[in-house]
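**Student:** Fold the following and give me the result.
(chains A and B)
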Amino acid sequence: MTLPQAWELSQKWYGNRLDPDFRRPTVEEAREIFASVGLTGSFWAI
Amino acid sequence: MASSEVLRTVREAVYASIVRTGAAPRADSLTSNANLTTASVEDAYCELAEAHVIVLEPETTRIRWAPPFSSAPTPFRVRSGASSWYAPCAWDAFGIPAALKQDSVIDARCAWSGEPIVCGVADGRSYGNGLIHLLVPAAHFWDDIFHT
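**Tutor:** Sure, this is the predicted structure:
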């Protein structure tokens, strides 16, 4: 992935990591996050 | 099984410690401020690891990673202000400025050439050149997270 993709992905994946109400994304949410930053195809299928 | 309140208390304490010091806390160091026993903190560590929130050193209750932070040195160092942290991988190196909501400089090296890679986040935008290659497909990230 490109560095801009990594940064965008990181903000969506880790942006709430220090929040009191943090929870890990569900599988469906993770799929949506990957797709939203252009990470698609079989490598990113979960 | 730890209560959700204990898990939350321990998780917050782990992240507070690693953000402040760069190192994850030992279980026995959390007992005084959280009013917990060492065994209950260790149980919480194991449950958080099962949930893929943290990663323990194999066969122990010592935390190696509280992603995107690594308690152990790695090739991915992230600096912000006067502080610095290690990240488990290149993706997580960008995860640290994302979690902290702070601009950061990432010190890394190309896995193939060993050349330094200058990249990071400035004014809320990423900078630098290069690509991040992941070895393991997403569906198998957690099969062997140390390899991933």
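
**Student:** Every contact and neighbour count from this point should use C-alpha atoms.
**Tutor:** Fine.

**Student:** Can you pull the phi and psi angles for the residue lying closest to residue A:12 once chain neighbours are set aside?
**Tutor:** Closest residue in space to residue A:12, ignoring its immediate chain neighbours: residue A:33 at 6.8 Å, by C-alpha to C-alpha, 6 or more residues apart in numbering or on different chains. Per-residue torsions, residue A:33: phi -60, psi -50 (degrees, to the nearest 10).

**Student:** just checking, residue B:138 touches residue A:46?
**Tutor:** Yes - using C-alpha atoms under 8 Å, residue B:138 is in contact with residue A:46, at 6.2 Å.

**Student:** higher neighbour count, these two?
**Tutor:** Taking neighbours as other C-alpha atoms under 10 Å in any protein chain shown, residue B:138 and residue A:46 compare with residue B:138 leading, 17 against 14.

**Student:** Next, work out how far apart the more buried one and residue A:5 are.
**Tutor:** With the distance defined as C-alpha to C-alpha, to the nearest Å, residue B:138 ends up 15 Å from residue A:5.

**Student:** cool, and residue B:84?
**Tutor:** 23 Å.

**Student:** And residue A:15, by the same measure?
**Tutor:** As defined by C-alpha to C-alpha, residue A:15 lies at a distance of 14 Å from residue A:5.

**Student:** same thing with residue B:5?
**Tutor:** Separation of residue B:5 from residue A:5 (C-alpha to C-alpha) stands at 35 Å.

**Student:** Same check on residue B:25?
**Tutor:** Residue B:25 is 32 Å from residue A:5, where distance means C-alpha to C-alpha.

**Student:** Residue B:90 now?
**Tutor:** From residue B:90 to residue A:5 the distance is 12 Å (C-alpha to C-alpha).

**Student:** cool, and residue B:96?
**Tutor:** 15 Å.

**Student:** Please apply the same query to residue B:140.
**Tutor:** Look at residue B:140 and residue A:5: by C-alpha to C-alpha, they are 20 Å apart.

**Student:** ok, the two, which is more surrounded?
**Tutor:** Set side by side, residue B:140 and residue A:5 show more neighbours around residue A:5, with 20 against 14, by other C-alpha under 10 Å.

**Student:** lowest-confidence helix or strand of chain B?
**Tutor:** Lowest on mean pLDDT, DSSP states H and E among the helices and strands of chain B sits helix B:31-34, with a mean of 74.

**Student:** mind listing the helices in the chain by residue range?
**Tutor:** No chain specified, so I'll use chain A. A:3-14, A:27-36 (DSSP state H).

**Student:** meant chain B actually
**Tutor:** Ranges of helices in chain B, per DSSP H, are B:4-21, B:31-34, B:38-50, B:90-100.

**Student:** Now do the same contact list for residue B:142.
**Tutor:** residue B:148 (C-alpha atoms under 8 Å, 6 or more residues apart in numbering or on different chains).

**Student:** And residue B:55, by the same measure?
**Tutor:** B:49, B:63, B:64, B:65, B:66, B:67.

**Student:** nearest to chain A, of those?
**Tutor:** Of all these, chain A sits closest to residue B:67, with 8.4 Å by C-alpha to the nearest C-alpha.
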